[in-house]
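Participant: following is a predicted model, sequence given first.
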Amino acid sequence: METLRVDLADRSYDILIGQDLLKQAGHRLRTLGVSGRVAVVTDENVAALHLEALGDGLNDAGLSMVSLTLPAGEATKSWPHFSKTVDWLLEQRVERGDIIIALGGGVIGDLVGFAAAVLRRGVRYVQIPTSLLAQVDSSVGGKTAINSVHGKNLIGAFHQPALVLADVDVLGTLSERDFLAGYGEVVKYGLLGDSVFFNWLEDNAKDMANGDIAKRIYAVKRSCEMKAEIVSRDETEQGERALLNLGHTFCHALEAATGFSNRLLHGEGVAVGCALAFEVSSRIGLCSQEDPSRVRAHLEKMGMMRDLRDIPGDLPDADVLIGLMGQDKKVVAGTLNFIMARGIGEAFVTSDVDLDVVRQVLTDSA
C-alpha cells in the first residue's frame, strides 16, 4: 500500500492507495476517532457492487452503517439530488463531529463533498473513490460541486476530505469505457507537468488497462502525487492549480453541448480537450507539431476519442462551443483563460489565445 500526504496545515489528510481497502475501511476510520454509526452515500451501480463489502469492513471495526443510494450518472449532480442528500443526512441526525462517506465515482464524490461542506456549516467526510477518474482526480483536493443549467461544477465549495481510500481492486469491476475515461485524467498529468510520466504511460498504459495491479497502483500514486503537490501550494485555485484543468475548458463545453449525458463521459471529454489544447498550442507556435501528433497517437493506441467527430451525435458549431466556454470557471473579468502547452509536460495558463485559431481547430476536428 502507498500512502501520500496532502499538506494543508490543519486540513491535511492522507491518501491510501492499494488493495483490500474496503475491508480495512472501519479500522482506517477508527484512526480518525470515528465511533458508532457512519452515513454512506453512493449510487445504484456502486451499491450493487461494493456497498455490502464496505458495510462488512465497517462492521469489522465495530461501526454500523446507514446508506442512501442515488441514481447513477452525471444528472445526479443537480439541485434535486443534492437537496435529497442534505435532507437525508439531517434526518439521520448527522452531527458536526460525525463522518460522511462518499462511496462512488466523481459524481458522488463531488455531490457528497458539497453536501458535507454546507451541512451544519461543515461536516467531515471520507472519499472512497470507485472509478479510476475519481481515484486520480476528483477525490483529491477538496473541490466539491454540482452542475447548473448554465454549466458544469458552477455551484460548490472547497471542502477537503478527512481521508481518501483508493482501493485499486474495485477498478476491476469497471467497464472498459469507464476505465479509459478515467485514463483521460491520468494522461493529463503527464501532459501538464511530467514528461517522464507520459513516457512511462506510453510504455505501460496498455498493461495497466489490461489489469496489471502494480502498474495501476503506480499510475494512481503518481497522479495523486502531482495533484497533492499542486493543491498544497494553491488550494483554492488562485494560480497554479488551474493547470489541473488542462483540456477541461474544451471538455466542459462539450459536456454541456451533449447535455451531460452518456454520449460523452467526463474523462473522454478531457482526452479530447487535451488533444485540442495541444493542437491549438502548436498552431499558435507554442510547441512543435510533433507534440499534438504524439498525444493523438497515444490516445489512438489506447482506443480513446481524440476529435469532435469521435463523439456520437450532432454537435453545435465552433461559435456555439466557444460561447459555452464563456461559462467556464476560468473566465476572469470576462476574459477566457486557456491551459496551453510549450511541450509535453510544460503546461501554463494564458489568456493570450487567438479565438480564430480555436475556432478553426474546432472546425477541423468536427
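Facilitator: Okay, I see it.

Participant: and residue 120, how many residues sit next to it?
Facilitator: 13 (other C-beta atoms under 10 Å). Heads up, the C-betas are built off the backbone N, CA and C, glycines and all.

Participant: OK, contacts around it?
Facilitator: Residue 120 makes contact with 94, 95, 96 under the criterion C-beta atoms under 8 Å, 6 or more residues apart in numbering.

Participant: one more: residue 268?
Facilitator: 180, 181, 184, 304, 305, 311.

Participant: try residue 269
Facilitator: Neighbouring residues of residue 269 by C-beta under 8 Å, 6+ apart: 184, 247, 250, 251, 252, 254, 255.

Participant: top of those by neighbour count?
Facilitator: Ranking the contacts of residue 269 using other C-beta under 10 Å puts residue 250 first, with 30 neighbours.

Participant: wait, it touches residue 325, no?
Facilitator: Yes: look at residue 250 against residue 325 with C-beta atoms under 8 Å: they come within range, at 7.4 Å.

Participant: returning to what we had before: which of the contacts of residue 120 are buried, as a PyMOL select command?
Facilitator: Buried residues within these, by 16 or more other C-beta atoms under 10 Å, are selected in PyMOL with:
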select buried, resi 94
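
Participant: take the contacts of residue 120 and keep only those in helices.
Facilitator: Among the contacts of residue 120, no residue falls in helices (DSSP state H).

Participant: how about the contacts made by residue 141?
Facilitator: Counting by C-beta under 8 Å, 6+ apart, residue 141 touches 6, 160, 227, 228, 231, 235, 241, 244.

Participant: widest-spaced pair of the residues you listed?
Facilitator: 160 and 244 (15.3 Å; C-beta to C-beta).

Participant: about what we covered before: which one of the contacts of residue 120 is nearest residue 297?
Facilitator: residue 94 (49.0 Å).

Participant: and the contacts of stretch 222-240?
Facilitator: Applying C-beta under 8 Å, 6+ apart, the set of residues contacting stretch 222-240 is 4-8, 11, 15, 17, 135-137, 140-142, 158, 160, 164, 166, 185-186, 189, 192-194, 197, 200, 241, 243-244, 349.

Participant: ChimeraX command to pick out the buried ones of those residues?
Facilitator: In ChimeraX, a selection of the buried entries from the contacts of stretch 222-240 looks like this (16+ other C-beta under 10 Å):
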select :4,6,15,17,135,136,137,140,141,142,158,160,164,166,185,186,189,192,193,194,197,200,241,243,244,349
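
Participant: in helices, which of the contacts of stretch 222-240 fall?
Facilitator: 185, 186, 189, 192, 193, 197, 200.
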